[in-house]
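Enquirer: model this:
(one chain, ligands or ions: 1)
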Amino acid sequence: MTAELVFTRRFCMGHRLITGTSEKCAVPHGHNEYVKVTLRPVEEKWLDGHQNMILPFAEAKTRWHDFVDNSLDHALQLSERDPLLAWFRDHEPERARRIVVTPGDPTTEVMTALLLAKLTAILADQGGKLRVHEIELEETPTNTVKLSGDPSFYLPQVERAAHACWWNRADMSISDL
Ligand SMILES: Nc1nc2c(c(=O)[nH]1)N=C([C@H](O)[C@H](O)COP(=O)(O)OP(=O)(O)OP(=O)(O)O)CN2
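Expert: Reported below is the predicted structural model:
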């Protein structure tokens, strides 16, 4: 038997895909997305007949939801190769900090893997009592990507060290500007 904690958070985002796979998606547009995470205890334990908790919900989810609410919500997601990035850095540098920078197009697949890596780092940093069993990112009511396992096997290779990638850091960062 395996107990799981499941948390869902909604956020609003904007993005565009520039590699030509979907012409309509090359125009900046937005979605209201849901990220659902399924967490499992690293050590299976029976309920103690007293507190009867795997971990208080607040302890398990607060930092993750802070990241979703304060870093992801209303952020723009752009490929590190998108020329709009340079425009924001030159003309609106404060707003450039609100851009999630992704290795290649900011598709639902890559965002799911990046968020899995981020949550894995946050859970390790808060004591390693929980691990991510599965993450689901619902881009629209008709499109969802689900992922489990080690995100580094799935993410594109990048030329900088792992700790220099925002998704591996247990902080609120969304880019490596
Ligand atoms: N494999 C992927 N394909 C597409 C992605 C993606 O992230 N991964 N993203 C998009 C666009 O962001 C687009 O906004 C959503 O796709 P689409 O299915 O065209 O959206 P609809 O709301 O029109 O879907 P319906 O099911 O037809 O209502 C494109 N492809």
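
Enquirer: drop to CA atoms for contacts and neighbour counts, all remaining ones
Expert: Will do.

Enquirer: Tell me which residues of stretch 160-177 come out buried.
Expert: In terms of neighbour count (16 or more other CA atoms under 10 Å), stretch 160-177 has its buried residues at 165, 166, 167, 168, 169, 170, 171, 172, 173, 174, 175.

Enquirer: Please list all residues in contact with the closest residue to residue 27 other than its chain neighbours.
Expert: The shortest distance from residue 27 to any residue that is not its chain neighbour, by CA to CA, 6 or more residues apart in numbering, is 5.8 Å, and that residue is residue 16. Residue 16 sits next to 25, 26, 27, 28, 29, 77, 78, 105, 106 when contact means CA atoms under 8 Å, 6 or more residues apart in numbering.

Enquirer: Where is the longest helix in this protein?
Expert: Looking across the chain with DSSP state H, the single longest helix is helix 108-125.

Enquirer: Next secondary structure after it?
Expert: Under the assignment DSSP states H and E, the closest C-terminal helix or strand after helix 108-125 is strand 130-140.

Enquirer: Which strands or helices does that next one pack on?
Expert: Contact partners of strand 130-140 among helices and strands, from 3 or more CA pairs under 8 Å, 6 or more residues apart in numbering; DSSP states H and E: strand 29-41, helix 108-125, strand 143-147.

Enquirer: got the angle between it and strand 29-41?
Expert: Our comparison of strand 130-140 with strand 29-41, counting by axes from the mean of the first three to the mean of the last three CA atoms, to 10 degrees, yields an angle of 160 degrees.

Enquirer: Relative to strand 130-140, what are the paired strands and their orientations?
Expert: Sheet partners assigned to strand 130-140 using DSSP bridges are listed as strand 29-41 (antiparallel), strand 143-147 (antiparallel).
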